[in-house]
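Peer 1: heads up, no residue letters with this:
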């Protein structure tokens, strides 16, 4: 993640896949918390597929959400 975009890189045996949404295009950040792990879903206002990431601790998921919101506030 950077002040410009949220990215998720999925590593594969040969190479990787990357998804990204620019910070101004982030419509919402949703966190689903289970017994141990949390899932983060970052939705775009631009009509692209959301970025979903599994297996985060609750504190880390909340920190990601806070970073996205602070980056959005800084761009306004």
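Peer 2: In hand now; what should we look at? Note that the structure is a prediction, hence the values are computed from the model and not measured.
Peer 1: what ranges do the helices span in this protein?
Peer 2: 58-74 (DSSP state H).
Peer 1: List the contacts of the spatially most central residue of it.
Peer 2: In the chain, the residue lying closest to the centroid (CA atoms, centre = their mean) is residue 42, at 4.7 Å. Contact analysis of residue 42 by CB atoms under 8 Å, 6 or more residues apart in numbering lists 6, 21, 26, 28, 29, 30, 50, 51, 52, 68. C-beta: built from backbone N, CA, C; applies to glycine.
Peer 1: What of residue 44?
Peer 2: Going by CB under 8 Å, 6+ apart, residue 44 touches 21, 25, 26, 27, 50.
Peer 1: Likewise for residue 23?
Peer 2: Shown in contact with residue 23 (CB under 8 Å, 6+ apart): 3, 4, 5, 6, 68, 71, 72, 75.
Peer 1: Scan these and report the most crowded one.
Peer 2: Tallying neighbours with other CB atoms under 10 Å puts residue 6 at the head of the contacts of residue 23, with 23 neighbours.
Peer 1: sorry, back to before: and the contacts of residue 42, which is closest to residue 61?
Peer 2: Using CB to CB, residue 29 is the member of those that lies nearest residue 61, at 8.9 Å.
Peer 1: The closest one touches residue 67, doesn't it?
Peer 2: No - using CB atoms under 8 Å, residue 29 is not in contact with residue 67, being 9.5 Å away.
Peer 1: These two - which one has more neighbours?
Peer 2: Neighbour count, other CB under 10 Å: between residue 29 and residue 67, residue 29 has more, with 21 against 16.
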